[in-house]
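# My questions concern the predicted model and sequence given below.
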Amino acid sequence: MAITAFIREWHDDEGWGVLDSTETPGGCWAHRSNAAVRGYATFTAGQEVQVEFEAAGQDGYAFRAFRFWPADQVPDRPTATSAQPAKGPPA
């Protein structure tokens, strides 16, 4: 089930960002490969999105998005049951 979140930050050059919602205190890590959009996925700070997430520590965040998309669009791919391990930002 998707919830509403907002992009806190998005690193387009690295393909990852952090989403904020009341259900994911401290933030939810998101990677471009889990964006349910057609074509190249890019987002902007403050943008409203729908997100499906799991409690799986990722790069210092307690939550990880396994599917997310802009709130004003229909997701481009079906629901996944969980995320595949995603590559985090460079150390």
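Yep, it's here.
# Can you list the low-confidence ranges for this protein?
Scanning the chain with the threshold set as pLDDT under 70 gives 78-91.
# again, only using 90
1, 39-40, 56-59, 76-91 (pLDDT under 90).
# tell me the centre residue of it?
residue 30 (3.1 Å; CA atoms, centre = their mean).
# Could you report the separation of that one from residue 39?
Per CB to CB, to the nearest Å, residue 30 is found 17 Å from residue 39. C-beta coordinates here come from the backbone N, C-alpha and C atoms, glycine included.
# quick one, helices of the protein?
Counting by DSSP state H, the chain has no helices to list.
# so who does residue 73 touch?
residue 37 (CB atoms under 8 Å, 6 or more residues apart in numbering).
# 10 Å - rerun?
By CB atoms under 10 Å, 6 or more residues apart in numbering, the contact set of residue 73 is 36-38, 49-50.
# Out of those residues, name the ones that lie in strands.
Those of the contacts of residue 73 mapping onto strands are 49-50, per DSSP state E.
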